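**Q** Below is the sequence, then the predicted model.
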Amino acid sequence: MIRLNVNGKPGDIDVAKDTPLLWALRDVLNMTGTKFGCGAGLCGACTIQIDGQPTRSCITPVSAAVGKRVTTIEAIGATPAGRKVQAAWLALNVPQCGYCQSGQIMSASALLAANAKPSDADIDSAMAGNICRCGTYPRIRAAIKKAAGVPETEA
């Protein structure tokens, strides 16, 4: 048994310690908001937060999350940054197909929790590796700026 704290709720799960956290979340805890994309940590669809840091859950073993706070898309709206990001995403109609959006939101909310007024360079750095096959990058950037209260013309 492995003890995890997921979205503020501690609990035990019966998986091998090297099981990817993504599969523990999706298949054992039935939290399907975190998506499988590439399986190699390259696309960002599986991004969650561990102790507030964006983490690719498809390549992170459950053992790496023991004793830490795991936050998924299901609970990010309970955080101040997550609330702002989700509201901005809705206001600007960011998603197209939506598949990558949970990972995008998790990375964006981690950025805003650490940096309330990010520059374009900060946004580029934080969002690097979160791939959107539909190309909604301009709307993603605009939503991050809206959530941060930064006018879109500011860098």
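**A** Arrived safely, thanks for sending.
**Q** from what I can see Cys43 touches Ile131, true?
**A** Yes - counting by CB atoms under 8 Å, Cys43 touches Ile131, with 4.5 Å between them. C-betas here are computed from N, CA, C, even on glycine.
**Q** Who has more neighbours out of those two?
**A** Cys43 (22 against 17; other CB atoms under 10 Å).
**Q** Look up the closest residue to that one, ignoring the ones flanking it.
**A** Gly37 (3.8 Å; CB to CB, 6 or more residues apart in numbering).
**Q** Could you report the neighbour count for that neighbour?
**A** Neighbours of Gly37 (other CB under 10 Å): 21.
**Q** Could I get the pLDDT score of it?
**A** You'll see Gly37 listed with a pLDDT of 95.
**Q** Count the residues that sit near Ser125.
**A** 13.
**Q** so it is in which element?
**A** helix 120-127 (DSSP states H and E).
**Q** From the contact counts, what lies against that helix?
**A** Other helices and strands packing on helix 120-127, by 3 or more CB pairs under 8 Å, 6 or more residues apart in numbering; DSSP states H and E, are helix 101-114, helix 137-148.
**Q** For it, what is the distance to the chain centroid?
**A** Chain-centre distance of helix 120-127: 15 Å, with CA atoms, centre = their mean, to the nearest Å.
**Q** Any regions of the chain where pLDDT drops low?
**A** Regions of the chain meeting the criterion pLDDT under 70 cover residues 153-155.
**Q** at 80 instead, please
**A** Scanning the chain with the threshold set as pLDDT under 80 gives 152-155.
**Q** Find the centremost residue of it, please.
**A** Met106 (2.0 Å; CA atoms, centre = their mean).
**Q** before we move on, the earlier item: identify the contacts common to Cys43 and Ile131.
**A** 37, 100 (CB atoms under 8 Å, 6 or more residues apart in numbering).
**Q** Kindly report the domain assignment for this structure.
**A** 2-71, 76-148 (automatic domain parsing).
**Q** number of nearby residues for the residue nearest to Ala40 when sequence neighbours are not counted?
**A** Closest residue in space to Ala40, ignoring its immediate chain neighbours: Ile59 at 6.7 Å, by CB to CB, 6+ apart. With neighbours defined by other CB under 10 Å, the count for Ile59 comes to 16.
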